[in-house]
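Q: let's see this in three dimensions:
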Amino acid sequence: MSLSQMARTIKESVTLKLNQTAAQMRDKGEPVIHLGGGEPKSKTPIDAIVSCTSVLNSGDIKYTPPDGIPALKKAIIRYTEDYYGRTVRPENVVASCGAKQAIMAALIAILDPKDEVIFPAPYWVSYPEMVKLAGGVPVAVKAEDGSFCPTVKEIAGCIGSYTKAIILNSPNNPSGVMYAADFVREIVELCEKKSLYLIMDDTYNRLVFDGRSPTNCYEYSKEDIEQSKLIVINCVSKMYAMTGFRIGWAVGSRELMTAMSTIQGQQTSGPATPSQWAAVGALNGVQNSIEALRLTLQNNRDILYDRLD
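A: Okay, here's the model as predicted:
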């Protein structure tokens, strides 16, 4: 069988492989302490279940717009206003099959062959392969001092004529590092100065510990959303413990979101209808499950830290 060069060289998702291995070991009755993928053990919020069940019971489950149903986009707009203080319009939002697809569509929309995408190390294991799938070149920047966060100067030193974007993921997967506000501010300013796209992967943005507040990248942007190259990625997977529903979203300029919607329309036709309604239920429903999950994770961290100390 003849496979493409891309198919022969692209690496499988390490986290999904770990999940599969752990599941196989459990099926054999072997004891497993799974430290692989970031998957909360909490149950899906009841508001999400009710909303999803309602549409399933109706039997009316059809295609939706590729960028998401109006009800979901409305909920995302309100979420963006509530937690980022940024007012956006429906055309500034694309709902997707998880945060991963939102990032993937963004990369396909902005990259030409040989374009480079910079991200700090440690980094989410999928970033390099996603950049390669979009025809780009991944550039990981390691801190010279061996810490979990390179300096802005170190990142700026990697910017060249082919650099198209920077990806920031804070709190970071896998290190757990939450980038300092000054660091995020300087990266936003650097990207605006150099006319680079900045993809903010805020997947874990609501799950921060020790009384700290999530970093809001919009606070440091001087550009109107329609001129901005800032792309903010979110999802229901982590904060609502809804990993299996596969719903994420991107917020950005109308031009970019239109391109991403077109790409998504050709790839998946759009997110699954029941999952979108589940996300609507989660975003519009009672929000105490997020704080309960955050406290559980913080408590687990504290216990582990105490045992290792």
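Q: now do the helices in the stretch 151-300 of the chain.
A: 152-156, 181-194, 254-267, 273-284, 288-308 (DSSP state H, counting those that start in this stretch).
Q: contacts for stretch 79-95 next, please.
A: Contacts of stretch 79-95 from elsewhere in the structure, counted by CB atoms under 8 Å, 6 or more residues apart in numbering, are 67-70, 72-74, 76-77, 102, 105, 205-206, 214, 216, 218-219, 225, 232, 234, 247-254, 257-258, 260-261, 264, 270-271, 276, 279, 283. No exception for glycine: its C-beta is placed from N, CA and C like everyone else's.
Q: quick one on the thing from earlier: point out the most buried one among the helices of the stretch 151-300 of the chain.
A: Mean neighbours per residue, mean count of other CB atoms under 10 Å, is largest over these for helix 273-284, with a mean of 24.
Q: and the closest residue to R294 other than its chain neighbours, how far from R254?
A: Among residues not flanking R294 along the chain, L207 sits closest, at 5.2 Å (CB to CB, 6 or more residues apart in numbering). Counting by CB to CB, to the nearest Å, the separation of L207 from R254 is 30 Å.
Q: before we move on, the earlier item: the residue nearest to R294 contacts L293, doesn't it?
A: Yes - counting by CB atoms under 8 Å, L293 is a contact partner of L207 at 6.9 Å.
Q: so what sits against both of the two?
A: With CB under 8 Å, 6+ apart as the test, L207 and L293 both reach M239.
Q: least confident secondary structure element in the protein?
A: Here the helix or strand of the chain ranked lowest by mean pLDDT, DSSP states H and E is helix 14-27, holding a mean of 84.
Q: only alpha carbons, please: show that one as PDB.
A: Coordinates of each C-alpha in helix 14-27 appear next as PDB, following Å, rounded to 0.1, in the frame of the first residue of the first chain:
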ATOM      1  CA  VAL A  14       0.600  10.600  22.500                       C
ATOM      2  CA  THR A  15      -2.300  11.400  24.900                       C
ATOM      3  CA  LEU A  16      -4.800   9.300  23.000                       C
ATOM      4  CA  LYS A  17      -2.300   6.400  22.800                       C
ATOM      5  CA  LEU A  18      -1.900   6.600  26.600                       C
ATOM      6  CA  ASN A  19      -5.600   6.600  27.100                       C
ATOM      7  CA  GLN A  20      -5.900   3.600  24.900                       C
ATOM      8  CA  THR A  21      -3.200   1.700  26.700                       C
ATOM      9  CA  ALA A  22      -4.700   2.600  30.100                       C
ATOM     10  CA  ALA A  23      -8.100   1.300  29.000                       C
ATOM     11  CA  GLN A  24      -6.600  -1.900  27.700                       C
ATOM     12  CA  MET A  25      -4.800  -2.500  31.000                       C
ATOM     13  CA  ARG A  26      -8.000  -1.900  33.000                       C
ATOM     14  CA  ASP A  27      -9.900  -4.300  30.800                       C
END
